[in-house]
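Q: missing the sequence, but the structure's below:
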């Protein structure tokens, strides 16, 4: 990784000097990772391809804003996440929260469940239910959930990537998780 | 501490709890909360990302191939980008219009080009034009209206796109593609406005422009037409051979 970051720095220096070869190196090196993120967020190849193009275009236009203390890949991923979020919003996902959880609920109110290993397998049913949950998320919730749960971004990073206050990013993650837990509860025999 | 809420447990699970040590101590002493936490961990642990489809080893090169002409138009950096790329869209439009009007064949290699081949060339060129236009529209829609916005790059792109857009619109009318012609006409109005507008927009101007784009659904329509054209490209393509203009 260190080696890649070093060679990213070389390519970046070229790109910032206006040399297309430098940016080509960065595009060829990071395209697959950007596509992976875009696909997870948008859920389809066509949109993900658009996001890849848009992310590199924006990155190119903002090269002068790049802070070299940060890893280029992290910076690029934040831009890609923002593009994917725009794409999700453009598709007009719902923004309301149809399944609010009671504000007074506590963990102790929920029955315990047996996390038997065979239940933890990502079964077809679980996949299907997660898809349902994702379809019920707003664009903001979905983006925040994917970035937190699949990409391992911190809530602060998610806020930065999606242009949200950290508190809004946190609430989006929590609302998304509630939806996932609710649809999984019946399938896995766990508490909602 | 009182029993933590499910949200508290989620944040703890994600390493985002405000006071993890306090919560940990509570879980150690509260069987009900511990069980609830394990249950939640099991449920969320089962939610894994689906592997995206493999793009192939040359994916980066393909992304670059599509991206490079757009970078040349984007207006930032790119000082050493070949100037010829800036003319690609307009040149392609001129050649295509000439094809469609049947006035002449632009170069010996394409003389006698068949109808299906002409259609494929048109689809590729219009598809590329719509993608570039989407970039301009997206940049304008994403501009932060809180501060004055420098739209000089979008302005230059709009200027570059306009001649090609006019030709494609005319070609679409002549070839009996009224839907494409209508969308190109709406796109043209926005491009004209941007190309003739100032290089910097104030917050109100930015919002007004954004509202106009959004109210007419121009970006959406361009996307839809772009998708339809991409589909037709796939259907019209005989194989992986690249069509050269």
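A: All right, it came through fine. Computed from a prediction, not measured in an experiment: that's the story for all the values here.
Q: Skip ahead from the helix-or-strand element of chain B with minimal mean pLDDT and say which helix or strand is next.
A: None of the helices or strands of chain B scores lower by mean pLDDT, DSSP states H and E than helix B:88-101, at a mean of 51. Where DSSP states H and E defines the elements, the next helix or strand beyond helix B:88-101 is helix B:115-142.
Q: Against residue B:6, how distant is the residue lying closest to residue A:91 once chain neighbours are set aside?
A: With sequence-adjacent residues excluded and distances taken as Cβ to Cβ, 6 or more residues apart in numbering or on different chains, residue A:91 is closest to residue A:139, at 7.3 Å. Quick note: C-beta positions are derived from backbone N, CA and C, even for glycine. Distance of residue A:139 to residue B:6, given as Cβ to Cβ, to the nearest Å: 23 Å.
Q: Then residue B:167?
A: Distance, residue B:167 to residue B:6, using Cβ to Cβ: 59 Å.
Q: And for residue A:134?
A: 19 Å.
Q: What of residue B:208?
A: Taken as Cβ to Cβ, the span from residue B:208 to residue B:6 is 44 Å.
Q: Tell me which of those two has more neighbours.
A: Neighbours were counted for residue B:208 and for residue B:6 using other Cβ atoms under 10 Å in any protein chain shown; residue B:6 has more, 23 against 13.
Q: ok, residue 16 - how many residues close by?
A: No chain specified, so I'll use chain A. 15.
Q: could you do chain B instead?
A: 17.
Q: Next, count neighbours for the residue lying closest to residue A:43 once chain neighbours are set aside.
A: Spatial nearest neighbour of residue A:43, excluding adjacent residues (Cβ to Cβ, 6+ apart): residue A:134 at 7.1 Å. For residue A:134, the count of nearby residues is 19 (other Cβ under 10 Å).
Q: Residue A:134 falls within a helix, correct?
A: Yes: assessed by DSSP: H, G, I helix; E, B strand; the rest coil, residue A:134 belongs to a helix.
Q: show me what contacts it?
A: By Cβ atoms under 8 Å, 6 or more residues apart in numbering or on different chains, the residues touching residue A:134 are A:43, A:142, A:145.
Q: Sort those residues by pLDDT and name the bottom one.
A: On pLDDT alone, residue A:43 ranks lowest of the contacts of residue A:134, at 85.
Q: where does it fall, phi/psi-wise?
A: Main-chain torsions, residue A:43, degrees, to the nearest 10: phi 80, psi 0.
Q: so how far is residue A:136 from the residue most central in space within chain A?
A: Geometric centre of chain A, nearest residue: residue A:147, 2.8 Å, by Cα atoms, centre = their mean. For residue A:147, the distance to residue A:136 (Cβ to Cβ) stands at 18 Å.
Q: before we move on, what about residue B:191?
A: With Cβ to Cβ as the criterion, residue B:191 and residue A:136 are 38 Å apart.
Q: where does chain A dip in pLDDT?
A: Within chain A, the stretches with pLDDT under 70 are A:1-6, A:92-123, A:186-192.
Q: Helices of that one, start to end?
A: A:2-16, A:20-42, A:45-61, A:72-90, A:124-135, A:139-145, A:155-162, A:166-188 (DSSP state H).
Q: do chain B as well
A: Here chain B has its helices, by DSSP H, at B:6-13, B:20-29, B:31-45, B:59-74, B:88-101, B:115-142, B:152-174, B:178-196, B:203-216, B:218-236.
Q: which of these sits most buried?
A: Across the helices of chain B, averaging neighbours per residue (mean count of other Cβ atoms under 10 Å in any protein chain shown) puts helix B:6-13 on top, at a mean of 22.
Q: Burial check on residue B:200, number of neighbours?
A: For residue B:200, using other Cβ under 10 Å, the count is 13.
Q: and it, what does it touch?
A: B:148, B:149, B:150, B:151, B:152.
Q: tell me the pLDDT at it?
A: For residue B:200, pLDDT reads 84.
Q: Look up how far chain A lies from it.
A: Computed as Cβ to the nearest Cβ, to the nearest Å, the residue B:200 to chain A distance reads 16 Å.
Q: want to try a markdown table for the helices of chain B, with distance to chain A as columns?
A: Output for the helices of chain B, formatted as a markdown table (distance: least, Cβ to the nearest Cβ, whole Å):
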| stretch | distance to chain A |
| --- | --- |
| helix B:6-13 | 5 |
| helix B:20-29 | 9 |
| helix B:31-45 | 3 |
| helix B:59-74 | 3 |
| helix B:88-101 | 15 |
| helix B:115-142 | 6 |
| helix B:152-174 | 7 |
| helix B:178-196 | 16 |
| helix B:203-216 | 10 |
| helix B:218-236 | 7 |
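Q: which one of the ones you listed has the lowest average pLDDT?
A: Ranked by mean pLDDT, those end with helix B:88-101 in last place, scoring a mean of 51.
Q: got a pLDDT number for the closest residue to residue A:36 other than its chain neighbours?
A: Spatial nearest neighbour of residue A:36, excluding adjacent residues (Cβ to Cβ, 6+ apart): residue B:52 at 5.1 Å. At residue B:52, the model reports a pLDDT of 88.
Q: so what's residue B:52 up against?
A: A:35, A:36, A:39, A:40, A:45, A:48.
Q: Show me which of those residues is closest to residue A:81.
A: Of all the contacts of residue B:52, residue A:81 sits closest to residue A:40, with 10.0 Å by Cβ to Cβ.
Q: So the nearest residue to residue A:160 once chain neighbours are set aside versus residue A:68, what's the distance?
A: Counting by Cβ to Cβ, 6+ apart, residue A:160 lies nearest to residue A:78, which is 6.1 Å off, once chain neighbours are set aside. As for residue A:78, its distance to residue A:68 is 15 Å (criterion: Cβ to Cβ).
Q: ok, these two, which is more surrounded?
A: Shown here are residue A:78 and residue A:68; by other Cβ under 10 Å, residue A:78 has more neighbours (21 against 12).
Q: How is the chain partitioned into domains?
A: I'll assume chain A. A:2-90, A:107-188 (automatic domain parsing).
Q: switch to chain B, that's the one I care about
A: If you go by automatic domain parsing, chain B breaks into B:6-45, B:60-236.
Q: distance between the shortest one and the chain's centre?
A: What separates the centre of domain B:6-45 from the centre of its chain is 41 Å, taken as Cα atoms, centre = their mean, to the nearest Å.
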